[in-house]
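Enquirer: predicted model, plus sequence, below.
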Amino acid sequence: MADLRVKLGSDGGNEGSGDEPDRGQLVLVAGFALAVVLVALVLLANTAIFTENLATRDNGVGERDVLGYRSSVVDGAGGIVDRENAVEYADGERDLLEGNVSDGLAALDSQLRESAGRNAASARADMESAAFTNGSLVRQNGTAADPRQFTSTGSAENWTVATDLERAGDGNATRAFVAVVNTSSLANASASDPTDAFHVVVTNGTESWHAYVYENGSSGAVAVAVKSAGEPASATTQVCSVSAPNATVDFTGGSLGGVDCPGLAFGGDVAGSATTDGYDVLVRNGDRAAGGYDLTVRTAGSGSVSAGNVSATPSADEPYSVPAVYAIEFPIEYRTSEVTYAETVRVAPGERDD
Amino acid sequence: MTDSPRPLDGSTASSSSPTRPQGSRDRATATTLSYVLTLGITALLISGLLVAAGGAVESQREDTTREAMAVVGQQLSARLMAADRLVAAGGSEVTVRGTYPETVAGSTYSIAVEPGSPTTIELTATGTRVSVTVAAPTRTPVAETTLSGGDIEIVYAGGELEVRAA
């Protein structure tokens, strides 16, 4: 019928035959143009479909896996450090303690590496370059059912637990300070008159932070009151309480009876990140509380456990100290095709969060 | 075709004085006029159709570009915020990569990262000049950059997040 190009020779003065191809050409060109437009529309529809596909196939970069790996390492290493510390190595066995912690961490690393491998990720915790921070575990082996008074080895009720504890970097110098107290052993007091109650004092020589644990005179509940550093004794305020025959006070974790206690931040400004001074941890009225407690102090630098007040060998009735790992730092690395993450993690379980 | 008007023309011609040459000239004018009219109307219709279709294609193209860039922008924003979370978790070396098309709806596009509160990512298609802005609130400072679309990586360096071409 019609042709895009006019046939050679058909143009030669013959009007009748020249009309047909011309008219046909207009419709044909228009048809082609419309075809091109339709193809363009189809291509755009294809782009739109591809966009929808792109929008739905993205599943994030897997940062949850990275953060999951990180917390597995930190939690796992924290558990290993705590377990090894709880073995209570003898005074000269620090090398053995650190060797066992390293072995545990290496086993943890290989397991986590395997599980990361199943998610197409390469994860590595470099235990070879782990840095240990020396510490001491101070412990009094009492329980709520079989309580021991919180006095020193010489049965003094006012005594010093540790001196010149130094912070380093963003870390603290006391961690996992948890005491179980028997309510009936506590002094009957109130936040306005707490002087007779058992209290823990954190002092740097000029300012001191107090945490009182007592039986609230009016409600009979176990209560914790705090006096901030630099404040007068009248500024003591009760921060939390729990009604129970015995209660767990987590001084560094900030909880009472397992319930979060925001006002209880061990050491306040004296031990917080605002200061770099060393501080002492003291016990006052240790005879007005009974139960058991654990705390790990950082003895790196000039920090030390008060030798006269705390026995150097494990003892059934008296507070004692054993070598411990306070903190451990090591580099971790997590790689997938989409994300690379590296960090030097610091593991010090039970440290106060600033 | 030229034959069909003859009987009609003949009947009118028979009532008046016989003017054959004049009648034949009328017929020729009518034929040329109808031809021109037919062509004109056809051309008008077709060009109308083409203009309408072209406009539809153009607006579809802009919509598709906008949609595609919004998707790329949101994914980029998600990645930037993921990198921010990783830095907040304590990461010292953080790199997040993303694979994106180099062109959307047949046109290249640029990605401009503008720090502020919140950080914004503006994608502009070079052909249609369509632009899409996506917010990416981050805690870590973000470096100001402009790069062309395609594969990118977000790198934490010098205390800030930087979007780079991979």
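Expert: Looks like it arrived, so ask away. Numbering: from 1, shown residues only, chains lettered A, B, ... in the order given.
Enquirer: quick one, helices of the stretch 1-150 of chain A?
Expert: A:15-57, A:63-86, A:94-118 (DSSP state H, counting those that start in this stretch).
Enquirer: as JSON lines, those helices with mean neighbour count, distance to chain B and mean pLDDT would be great.
Expert: For the C-beta atoms, the positions are set from N, CA and C on the backbone; glycine is no exception. As requested, the helices of the stretch 1-150 of chain A are arranged in JSON lines below (neighbours: other CB atoms under 10 Å in any protein chain shown; distance: least, CB to the nearest CB, whole Å; pLDDT from 0 to 100):
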{"stretch": "helix A:15-57", "mean neighbour count": "14", "distance to chain B": "4", "mean pLDDT": "79"}
{"stretch": "helix A:63-86", "mean neighbour count": "19", "distance to chain B": "4", "mean pLDDT": "94"}
{"stretch": "helix A:94-118", "mean neighbour count": "16", "distance to chain B": "15", "mean pLDDT": "94"}
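Enquirer: nearest to residue A:190, out of those helices?
Expert: Closest to residue A:190 of the helices of the stretch 1-150 of chain A, according to CB to CB: helix A:63-86, at 35.7 Å.
Enquirer: quick one: list the elements packing against the closest one.
Expert: Secondary-structure packing of helix A:63-86 (3 or more CB pairs under 8 Å, 6 or more residues apart in numbering or on different chains; DSSP states H and E): helix A:94-118, strand A:122-125, strand A:131-140, strand A:320-335, strand A:339-347, helix B:20-88.
Enquirer: tell me what angle that helix forms with strand A:339-347.
Expert: 20 degrees (axes from the mean of the first three to the mean of the last three CA atoms, to 10 degrees).
Enquirer: send me helix A:63-86 as PDB with only the CA atoms.
Expert: C-alpha atoms of helix A:63-86 as PDB (Å, rounded to 0.1, in the frame of the first residue of the first chain):
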ATOM      1  CA  GLU A  63      23.500  -3.200  61.000                       C
ATOM      2  CA  ARG A  64      21.300  -5.200  63.400                       C
ATOM      3  CA  ASP A  65      23.600  -8.200  62.800                       C
ATOM      4  CA  VAL A  66      26.600  -6.000  63.500                       C
ATOM      5  CA  LEU A  67      25.200  -4.600  66.700                       C
ATOM      6  CA  GLY A  68      24.000  -8.100  67.600                       C
ATOM      7  CA  TYR A  69      27.500  -9.500  67.100                       C
ATOM      8  CA  ARG A  70      29.000  -6.600  69.100                       C
ATOM      9  CA  SER A  71      26.700  -7.300  72.100                       C
ATOM     10  CA  SER A  72      27.300 -11.000  71.900                       C
ATOM     11  CA  VAL A  73      31.000 -10.400  72.100                       C
ATOM     12  CA  VAL A  74      30.600  -7.900  75.000                       C
ATOM     13  CA  ASP A  75      28.100 -10.000  76.900                       C
ATOM     14  CA  GLY A  76      30.000 -13.300  76.300                       C
ATOM     15  CA  ALA A  77      33.400 -11.800  77.300                       C
ATOM     16  CA  GLY A  78      31.700 -10.200  80.300                       C
ATOM     17  CA  GLY A  79      30.400 -13.600  81.400                       C
ATOM     18  CA  ILE A  80      33.800 -15.200  80.900                       C
ATOM     19  CA  VAL A  81      35.600 -12.500  82.900                       C
ATOM     20  CA  ASP A  82      33.000 -12.700  85.700                       C
ATOM     21  CA  ARG A  83      33.200 -16.500  85.800                       C
ATOM     22  CA  GLU A  84      37.000 -16.600  85.800                       C
ATOM     23  CA  ASN A  85      37.100 -13.900  88.600                       C
ATOM     24  CA  ALA A  86      34.700 -15.900  90.600                       C
END
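Enquirer: now the angle from it to strand A:320-335?
Expert: 160 degrees.
Enquirer: how about the residues of chain A that lie near chain B?
Expert: A:19, A:23, A:26-27, A:30, A:33-34, A:37-38, A:40-41, A:43-44, A:47-48, A:50-51, A:54-55, A:58, A:60-61, A:63, A:66-67, A:70, A:337-345 (CB under 8 Å from any CB of the partner chain).
Enquirer: ok, which of the helices of the stretch 1-150 of chain A comes nearest residue B:63?
Expert: Closest among those, once you apply CB to CB, is helix A:15-57, at 8.1 Å.
Enquirer: could you check the angle helix B:20-88 makes with that closest one?
Expert: If you take the same axes, to 10 degrees, helix A:15-57 sits at 10 degrees to helix B:20-88.
Enquirer: what's helix A:15-57 packed up against?
Expert: Packing partners of helix A:15-57 (3+ CB pairs under 8 Å, 6+ apart): helix B:20-88.
Enquirer: near chain A at all, the helix it packs on?
Expert: Yes. Helix B:20-88 reaches chain A (CB under 8 Å from any CB) through B:35, B:38-39, B:42-43, B:46, B:49-50, B:53-54, B:56-57, B:60-61, B:64, B:67-68, B:71-72, B:74-75, B:78-79, B:82-83, B:85-86.
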